[in-house]
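Novice: Predicted model and sequence below, questions to follow.
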Amino acid sequence: MTNPPPGRPFEDPDEQERRAVTRRAFLRGAALFTGTAAALGGGLELLTRRPGAAPAPSAAPPLVAAPRALGPYDTAEPLTPYAQATTYNNYYEFGLGKADPARLAGGLRTQPWTVLIDGEVRAPLQVDLDRLRSWFTPEDRIYRMRCVEGWSMVMPWQGFPLAALLRRAEPTGHARYVQFTALHDPQQFPGQRGDVLAWPYVEGLRLDEALHPLTLLAVGLNGRALPNQNGAPLRLVVPWKYGFKSIKAVVRITLTRTQPPTTWSLAAPQEYGFYANVNPAVPHPRWSQATEQRIGEWGRQPTLPFNGYAREVADLYRGMDLRVFF
């Protein structure tokens with residue numbers, strides 16, 4: 001990726017976040033539209049969609065959930081409307097259009113579903129999803145989500161920390177990374193019948209990233225069962241990284257000694273690095289990452305380092321040049 005101009009290093013996360021919050025308050029009060037169509041790649045139809053538009057066809061009915069206080073990792077920012085969060089998605093297994101997943105995902109079979117945890121572990125597991133859910137008490141997490149394309153949402157997930165599952169498998173002393181593999185089934189995923197990407201979709205984290213308490217395995221969204229188009233029945237959520245790191249429809253988790261290949265890093269290594277930490281100081285080769293468009297809102301707002309989670313995760317990258325390890 002292109003580096004920032006000389007003399008403009010990655011700023012102190014806390015200072016940049018304080019300035020960004022102030023500017024965000026100004027932007028949200030502005031009534032003028034700032035012209036974001038080029039960066040959104042056609043996503044602005046969501047800003048003018050008829051209020052009360054129906055949710056995606058495959059959305060599950062609401063679950064009964066009592067009001068709760070915000071947790072230590074929750075953002076208090078307004079939630080992205082459910083109808084938009086479930087109809088504006090990148091999920092190339094169903095097609096390249098933002099509306100394709102909601103239109104085509106209804107037939108995805110999410111039961112039965114098993115997940116394999118293997119590799120550098122002392123206790124490999126192959127577990128049915130229903131049993132997996134019984135092991136953990138679901139947690140609510142309201143996270144920012146930032147797409148590498150320059151748009152963002154605020155999503156209320158339900159799930160459990162990935163660390164809880166990995167510890168059950170007992171990582172060996174050789175484990176350094178975690179590779180995730182999504183379902184490969186061209187009969188159910190029409191996008192997998194083409195070669196736009198190498199299938200199945202794979203992603204990876206360093207082990208310390210995977211064990212961080214922010215890293216979630218999600219099974220629900222907005223108090224409902226996770227919709228197919230949002231990654232049902234099990235997806236990864238890593239809120240300080242660009243959205244493509246949060247792999248959907250996970251069927252295998254493999255602990256490895258070496259850094260695993262990842263789908264987008266293989267497809268375009270000059271554009272999509274292994275780390276994919278949200279860094280407004282490092283532009284994508286074809287657009288700036290300094291600002292973002294919050295879906296459902298007007299105007300652009302500054303992008304925060306680590307997507308606003310610098311206090312929680314910046315220490316994971318101490319001593320690393322984040323303009324190089326992008």
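Specialist: Structure's in. What do you need?
Novice: distance of residue 301 from residue 144?
Specialist: 11 Å (CB to CB, to the nearest Å). (Glycine included, C-beta is placed from N, CA and C.)
Novice: which SS state does residue 314 fall under?
Specialist: Secondary structure for residue 314, judged by DSSP: H, G, I helix; E, B strand; the rest coil, is helix.
Novice: Per-residue pLDDT of it, please?
Specialist: What the model reports as pLDDT for residue 314 is 97.
Novice: swap in residue 14?
Specialist: With respect to pLDDT, residue 14 has a value of 43.
Novice: Residue 278 too?
Specialist: At residue 278, pLDDT is 98.
Novice: residues in contact with it?
Specialist: 146, 240, 241, 242, 289, 303, 304, 305, 306, 307 (CB atoms under 8 Å, 6 or more residues apart in numbering).
Novice: Put together a markdown table for these, with neighbour count on each row.
Specialist: Shown next, in a markdown table, are those (neighbours: other CB atoms under 10 Å):
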| residue | neighbour count |
| --- | --- |
| 146 | 25 |
| 240 | 27 |
| 241 | 25 |
| 242 | 24 |
| 289 | 21 |
| 303 | 22 |
| 304 | 23 |
| 305 | 25 |
| 306 | 24 |
| 307 | 25 |
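Novice: Could you dump the residues you listed into JSON lines and include secondary structure, distance to residue 228 and pLDDT?
Specialist: Conversion of the contacts of residue 278 to JSON lines gives the following (DSSP: H, G, I helix; E, B strand; the rest coil; distance: CB to CB, whole Å; pLDDT from 0 to 100):
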{"residue": "146", "secondary structure": "strand", "distance to residue 228": "23", "pLDDT": "98"}
{"residue": "240", "secondary structure": "coil", "distance to residue 228": "26", "pLDDT": "98"}
{"residue": "241", "secondary structure": "strand", "distance to residue 228": "23", "pLDDT": "98"}
{"residue": "242", "secondary structure": "coil", "distance to residue 228": "22", "pLDDT": "98"}
{"residue": "289", "secondary structure": "coil", "distance to residue 228": "29", "pLDDT": "98"}
{"residue": "303", "secondary structure": "coil", "distance to residue 228": "29", "pLDDT": "98"}
{"residue": "304", "secondary structure": "coil", "distance to residue 228": "30", "pLDDT": "98"}
{"residue": "305", "secondary structure": "helix", "distance to residue 228": "33", "pLDDT": "98"}
{"residue": "306", "secondary structure": "helix", "distance to residue 228": "29", "pLDDT": "98"}
{"residue": "307", "secondary structure": "helix", "distance to residue 228": "25", "pLDDT": "98"}
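Novice: Distance to residue 128 added to those, as CSV?
Specialist: As requested, those are exported to CSV (distance: CB to CB, whole Å):
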residue, distance to residue 128
146, 33
240, 31
241, 29
242, 31
289, 40
303, 39
304, 39
305, 39
306, 35
307, 33
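Novice: Out of those, which comes closest to residue 263?
Specialist: Residue 263 lies nearest to residue 242 out of the contacts of residue 278, by CB to CB, at 13.0 Å.
Novice: What sits closest to that closest one if chain neighbours are left out?
Specialist: Leaving aside its chain neighbours, residue 242 sits nearest to residue 148 (4.1 Å; criterion: CB to CB, 6 or more residues apart in numbering).
Novice: any idea which helix or strand comes after the least confident helix or strand in the chain by mean pLDDT?
Specialist: Within the chain, no helix or strand scores below helix 37-40, which has a mean of 36 by mean pLDDT, DSSP states H and E. Scanning forward in sequence from helix 37-40 by DSSP states H and E, the next helix or strand is helix 82-85.
Novice: which residues are contacting the following helix or strand past that following helix?
Specialist: Next along the chain after helix 82-85, taking DSSP H and E as the criterion, comes helix 100-104. With contact meaning CB under 8 Å, 6+ apart, helix 100-104 is reached by 56-58, 86-87, 89-91, 94-95, 190-191, 227-230.
Novice: cutoff 6 Å now
Specialist: 56, 87, 89, 91, 94, 229 (CB atoms under 6 Å, 6 or more residues apart in numbering).
Novice: Next, the contact list for the fourth one, please.
Specialist: Right, residue 91. residue 101.
Novice: distance of the residue nearest to residue 242 from residue 243?
Specialist: 7 Å.
Novice: For the two, indicate the residue with more neighbours.
Specialist: residue 243 (22 against 19; other CB atoms under 10 Å).
Novice: Show me what the longest strand that the chain contains packs onto, helices and strands only.
Specialist: Secondary structure of the chain per DSSP state E: the longest strand is strand 151-161. Judged by 3 or more CB pairs under 6 Å, 6 or more residues apart in numbering; DSSP states H and E, the packing partners of strand 151-161 are strand 139-146, strand 216-221, strand 291-294.
Novice: With distance to residue 122 as extra columns, can I get the ones you listed in CSV?
Specialist: Output for the helices and strands packed on strand 151-161, formatted as CSV (distance: least, CB to CB, whole Å):
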stretch, distance to residue 122
strand 139-146, 26
strand 216-221, 20
strand 291-294, 42
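Novice: Tell me which of those sits nearest to residue 275.
Specialist: strand 139-146 (14.0 Å).
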